[in-house]
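Colleague: Next come a sequence and a model predicted from it.
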Amino acid sequence: MPFQPTYHVPPERQAYTIFAAPESGPERIGMLMLHGFMGSPASSRPMASFLAEHGITVHCPLLPGHGNLPHQIHGYNRHQWLAEVEEALAYLRKQCDQIFLTGHSMGAILGAHLATLNPDICGFIMLAPLYDLPDWRIKVVAIGRYFMKWFYPLKSKHADRKIFLGRVLDYDPTINVNDPKLQDWLVEASRLPLDALDEMRKMAAMGRKLWPKLRVPVLIFQGGSDPAVNAGNTEKLFQKLQTPDKEMKFFPQVGHELMRPVEPIHRKVWQKVLEFIEDHSESGTKRERPLLSGGSLLK
């Protein structure tokens with residue numbers, strides 16, 4: 001049974017399935033969207049609607065502990081996240097004949113897990129895939145989680161305040177983060193559970209073992225101004241891929257949310273994703289192109 005949160009999750013951040021337009025024809029192509037750590041299905045809904053208009057059914061599960069503020073992830077673990085995406089894939093298989101995967105940030109590792117277990121996956125798209133932790137200090141959570149429950153980024157001199165306030169605003173855009181009366185509340189609202197951070201660390205380590213095992217076609221998008229995922233690490237990931245059909249698109253001025261309308265290049269990302277699906281599906285508008293040589297566009 002899909003994860004049923006016992007805490008509040010706004011409608012736009014809940015799991016969704018957007019079915020392909022009826023006029024798209026009898027061929028059933030599906031995309032499984034997987035959001036990242038501290039993210040939610042809200043990040044992929046606009047692109048999912050675009051793909052559905054072009055004949056692709058899209059399903060995105062809600063990872064346990066997600067959908068609310070970051071502190072809600074306390075008590076959940078990577079095994080629950082993996083189980084959730086496995087169930088989501090089983091659900092999409094009942095709706096569609098051909099399956100593609102898209103993973104954002106930590107969601108790319110979840111996708112890699114599915115792709116290595118299911119060789120019939122038609123293609124795998126990664127958006128700002130997590131390779132390693134953005135800050136080496138996070139690695140101390142392996143021990144620190146047993147002595148401390150919370151990390152308060154707004155109290156830290158080393159944390160990027162904008163990133164964590166952004167997580168609060170993503171949950172509720174109406175919040176005025178500059179309101180003096182809300183500052184104490186914001187410190188609590190943006191706190192991170194150390195056990196969840198350690199689960200993310202373990203997921204990153206898991207991903208580094210999975211990347212060389214991938215054999216499905218892969219398309220990667222990475223921004224050069226991404227505060228969460230280092231572009232150099234994405235290049236390392238790209239080089240570890242053993243599949244001969246791989247490509248990476250690099251956007252120097254783009255941040256972490258490449259597929260969201262907040263980024264001016266989102267339409268290019270959506271179109272390239274659609275072309276990738278068309279090229280690698282058994283039907284549809286295939287283009288006659290030579291097999292990609294595996295060259296990276298990260299220069």
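Modeller: It's in.

Colleague: Find the nearest non-adjacent residue to residue 78, please.
Modeller: Computed as Cβ to Cβ, 6 or more residues apart in numbering, the closest residue to residue 78 that is not its neighbour in sequence is residue 199, at 4.7 Å. For every residue, glycine as well, the C-beta is placed using N, CA and C.

Colleague: Distance from the chain centre to the helix or strand encompassing residue 31, please.
Modeller: Taking DSSP states H and E as the criterion, residue 31 maps to strand 29-34. Taking Cα atoms, centre = their mean, to the nearest Å, the mean C-alpha location of strand 29-34 is offset from the chain mean by 12 Å.

Colleague: which residues are in contact with the next helix or strand after it?
Modeller: As assigned by DSSP H and E, the chain's next helix or strand after strand 29-34 is helix 45-53. With contact meaning Cβ atoms under 8 Å, 6 or more residues apart in numbering, helix 45-53 is reached by 12, 16, 18-21, 31, 33, 58, 60, 259-261, 266, 269-270, 273-274, 277.

Colleague: Please apply the same query to stretch 71-87.
Modeller: Residues outside stretch 71-87 that contact it (Cβ under 8 Å, 6+ apart) are 1-3, 7, 32, 34, 37-38, 61-66, 110-111, 113-114, 149-150, 188-189, 191-193, 195-196, 199, 202-203, 206.

Colleague: pLDDT weak spots in the stretch 151-299 of the chain?
Modeller: Along the stretch 151-299 of the chain, segments meeting pLDDT under 70 span 283-299.

Colleague: quick one: the helices in it?
Modeller: 161-171, 183-189, 194-210, 231-240, 266-280 (DSSP state H, counting those that start in this stretch).

Colleague: and the third one, what other elements does it pack with?
Modeller: Contact analysis of helix 194-210 by 3 or more Cβ pairs under 8 Å, 6 or more residues apart in numbering; DSSP states H and E lists helix 78-95, helix 106-117, helix 141-144, strand 150-151 as its packing neighbours.

Colleague: Just name the most buried of those.
Modeller: Neighbour counts (mean count of other Cβ atoms under 10 Å) averaged over each of the helices and strands packed on helix 194-210 peak at helix 106-117, with a mean of 26.

Colleague: burial of residue 75, as a residue count?
Modeller: When neighbours are defined as other Cβ atoms under 10 Å, residue 75 has 11 of them.

Colleague: Would you quantify the distance from it to residue 145?
Modeller: Distance of residue 75 to residue 145, given as Cβ to Cβ, to the nearest Å: 12 Å.

Colleague: Between these two, which contacts overlap?
Modeller: residue 195.

Colleague: do you know how far residue 80 is from residue 64?
Modeller: According to Cβ to Cβ, residue 80 stands 4 Å off from residue 64.

Colleague: hang on, I meant residue 168
Modeller: 20 Å.
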